[in-house]
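K.L.:
fold the following for me, if possible:
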Amino acid sequence: MSTPIRTTVNGQTHDLTVDPRSALADLLREQLGLTGTHVGCRTASCGACTVELDGRTVKSCCVLAPEADGRSVRTIEASAVEDRRARPGELDDVQEAFVELQALQCGFCTPGMVLSVRALLATNPSPTESEAKAAIAGNLCRCTGYVNILRAIRLVAKNRAHSKENSHV
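P.N.:
Have a look, this model is predicted:
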């Protein structure tokens, strides 16, 4: 049994046929080849599969593929392209901060973590330490201990505030 859907992924519309029991993560990885969305636990516990669905972060391992019908999905692959500070093929400012501050090691959690951080900074450009911790609480990292991830959040917030101040001068 298959279900036809039409969904927009990273700005591109796709007409697809999906198994109604399949996860959005599987649609992204297997049908569209967007392997930046990682699958870890399949229980929405680790956050490696985090994507945006209609502008809100979701754990794509626990969203059924048919739920994307008529909706917009944004994955890590679109991250730098949509950031006005980056040119296609370049890292966005969140990704750059992760690299600069060594906020990643194995990289498995990084795509989901980056999308969660971007969502945080889009709604809260100057988060407190506790707000930053709460925003990434749904993304598990086995390597870094989160210290450098929190440093990266602070750096991006500071750089964006500085850039905004300079644009008004």
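
K.L.:
residues touching the residue most central in space within the chain, list them.
P.N.:
Central residue of the chain (Cα atoms, centre = their mean): residue 115, 2.3 Å from the mean position. In this structure, residue 115 makes contact with 50, 51, 52, 57, 74, 75, 76, 79, judged by Cβ atoms under 8 Å, 6 or more residues apart in numbering. Any C-beta I mention is one placed from the backbone N, CA and C, and that applies to glycine too.

K.L.:
for these, which one is nearest residue 67?
P.N.:
Comparing the contacts of residue 115 against residue 67 with Cβ to Cβ places residue 51 closest, at 12.0 Å.

K.L.:
may I ask which helix or strand of this structure has the lowest mean pLDDT?
P.N.:
helix 79-82 (a mean of 57; mean pLDDT, DSSP states H and E).

K.L.:
how far away is the residue nearest to the centre of the chain from residue 69?
P.N.:
Taking Cβ to Cβ, to the nearest Å as the measure, residue 115 and residue 69 are separated by 21 Å.

K.L.:
ditto for residue 51
P.N.:
Residue 51 is 15 Å from residue 69, by Cβ to Cβ.

K.L.:
give me the more crowded residue out of those two.
P.N.:
Each of residue 51 and residue 69 has its neighbours counted (other Cβ atoms under 10 Å); residue 51 has more, 29 against 14.

K.L.:
quickly find the element holding the more buried one.
P.N.:
strand 50-53 (DSSP states H and E).

K.L.:
in PDB, list the C-alpha atoms belonging to that strand.
P.N.:
Backbone C-alpha positions of strand 50-53 (Å, rounded to 0.1, in the frame of the first residue of the first chain) are rendered in PDB as follows:
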ATOM      1  CA  THR A  50      15.900  16.900  13.800                       C
ATOM      2  CA  VAL A  51      14.500  18.800  10.800                       C
ATOM      3  CA  GLU A  52      12.100  21.700  10.400                       C
ATOM      4  CA  LEU A  53       8.500  21.000   9.400                       C
END
